[in-house]
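# Predicted model and sequence follow; I will ask about them next.
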Amino acid sequence: MKPTHRKTATGYTAQHAKSGLRTKLPSIETWPNQYHGYEITIDIPEYTAICPKTGLPDFGTIRLTYVPDQSCLELKSLKEYIHAYRNLGIFYENAVNRILADLVKACQPLSATVTGEFTARGGLSSTIQATYP
């Protein structure tokens, strides 16, 4: 049976939940792939963003794993894209899913996974993973 209403944590709003999802970020550039049948993993150990409710910084490691088709991600533009999150209010879950969507839009890989491992806050740490397709 479906609940008739959802209880949300005190003080969280729909605006908090959507924060950062439509913010314009730098483009992720690509370059033409020369080979096929291999996987690329990129670790980004210095990810930071801002919690849209508390305004406190979030820290973590983002791992991008993808199988390129026609294009590969250009690393300098990826770095600029990720650094744009530094002052962005966005929840962990939304950040991981947005990064995946932007990666797929940029290079149209055969498959991709984005994993965010976020440092502990209040005794809890989170790992979020999103996969394409």
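Yep, it's here. Residues are numbered from 1 along each chain as shown.
# Mind jotting down where the helices sit in the chain?
Secondary structure of the chain (DSSP state H): helices located at 14-18, 75-83, 92-107.
# Just name the most buried of the ones you listed.
Of all the helices of the chain, helix 92-107 carries the top mean neighbour count, a mean of 19, counting by mean count of other C-beta atoms under 10 Å. Just so you know, the C-beta spots here come from the backbone N, C-alpha and C atoms, and that holds for glycine as well.
# what's it in contact with?
17, 19-21, 25, 27-30, 47, 49, 58, 60, 62, 64, 66, 68-73, 81-82, 85, 90, 109, 112-116, 118, 126, 128-132 (C-beta atoms under 8 Å, 6 or more residues apart in numbering).
# Same check on stretch 73-86?
If you take C-beta under 8 Å, 6+ apart as the criterion, stretch 73-86 is touched by 20, 25-31, 40, 42, 44, 47-49, 62, 64, 66, 95, 99, 102-103, 106-107.
# Equivalent analysis for stretch 113-127, please.
The set of residues that contact stretch 113-127 without belonging to it, under C-beta under 8 Å, 6+ apart, is 47, 56, 58-66, 92, 95-97, 99-100, 103, 128-132.
# switch to 6 Å and redo it
59-65, 92, 96, 99-100, 128-131 (C-beta atoms under 6 Å, 6 or more residues apart in numbering).
# ok, of those residues, which one's closest to G11?
Minimum distance to G11 across the contacts of stretch 113-127 is 17.7 Å, recorded for Y92 (C-beta to C-beta).
# circling back: and the helices of the chain as a markdown table, adding mean pLDDT and distance to H36?
Output for the helices of the chain, formatted as a markdown table (pLDDT from 0 to 100; distance: least, C-beta to C-beta, whole Å):
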| stretch | mean pLDDT | distance to H36 |
| --- | --- | --- |
| helix 14-18 | 85 | 38 |
| helix 75-83 | 98 | 20 |
| helix 92-107 | 97 | 14 |
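# List just the one of the ones you listed that sits closest to Y35.
Closest to Y35 of the helices of the chain, according to C-beta to C-beta: helix 92-107, at 14.2 Å.
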